[in-house]
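# When you get a sec, could you give me coordinates for this:
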Amino acid sequence: MTKRQRDALRFIERYVAEHGLAPSFEEIRIALGIKNKSGVARIMAALNERGIIASTIMSRSTQIQPKATTFGFFEPTPSQALELAEAQRRYGARAWSAA
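Residues are numbered from 1 along each chain as shown. Sure thing, here's the model as predicted:
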């Protein structure tokens, strides 16, 4: 997974935790500082091909696949571990599986 893909996945995870739905491509573009939405589309397609996310042609339909969070690809920092624990407490452990 590239750094840009990991950054996108982290942003999507945080956005879903805060808002209850996936961010738009425009919101991802702005958050990551990407110049156009086609760059976001390439990142999302790569994550989809890897099975990390699942999305349809519907707006804001992106879903992070179980056991495919960023925490499954690296050891979280202490602050990330606290953030994960808070998300698990708030939204349920099943939705935020870290393994």
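
# C-alpha from now on. contacts and neighbour counts both.
Will do.

# just checking, what packs against the lengthiest helix in the chain?
Ranked by residue count, the top helix of the chain under DSSP state H comes out as helix 3-19. Packing partners of helix 3-19 (3 or more C-alpha pairs under 8 Å, 6 or more residues apart in numbering; DSSP states H and E): helix 25-32, helix 37-49.

# in that helix, what's buried?
Across helix 3-19, burial judged by 16 or more other C-alpha atoms under 10 Å covers Gln5, Arg6, Asp7, Ala8, Leu9, Phe11, Ile12, Glu13, Arg14, Tyr15, Ala17.

# Any chance of JSON lines for the helices and strands packed on helix 3-19, columns mean pLDDT and mean neighbour count?
Shown next, in JSON lines, are these (pLDDT from 0 to 100; neighbours: other C-alpha atoms under 10 Å):
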{"stretch": "helix 25-32", "mean pLDDT": "92", "mean neighbour count": "16"}
{"stretch": "helix 37-49", "mean pLDDT": "90", "mean neighbour count": "16"}
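
# closest to Arg89 out of the ones you listed?
Set against Arg89 and scored by C-alpha to C-alpha, those come closest in helix 25-32, at 25.6 Å.

# what angle sits between that closest one and helix 37-49?
Orientation check (axes from the mean of the first three to the mean of the last three C-alpha atoms, to 10 degrees): helix 25-32 against helix 37-49 gives 100 degrees.

# Just name the shakiest helix or strand of the chain by mean pLDDT.
strand 63-64 (a mean of 62; mean pLDDT, DSSP states H and E).

# my guess is Leu21 contacts Arg14, does it?
No: between Leu21 and Arg14 there is no contact under C-alpha atoms under 8 Å: 10.3 Å.
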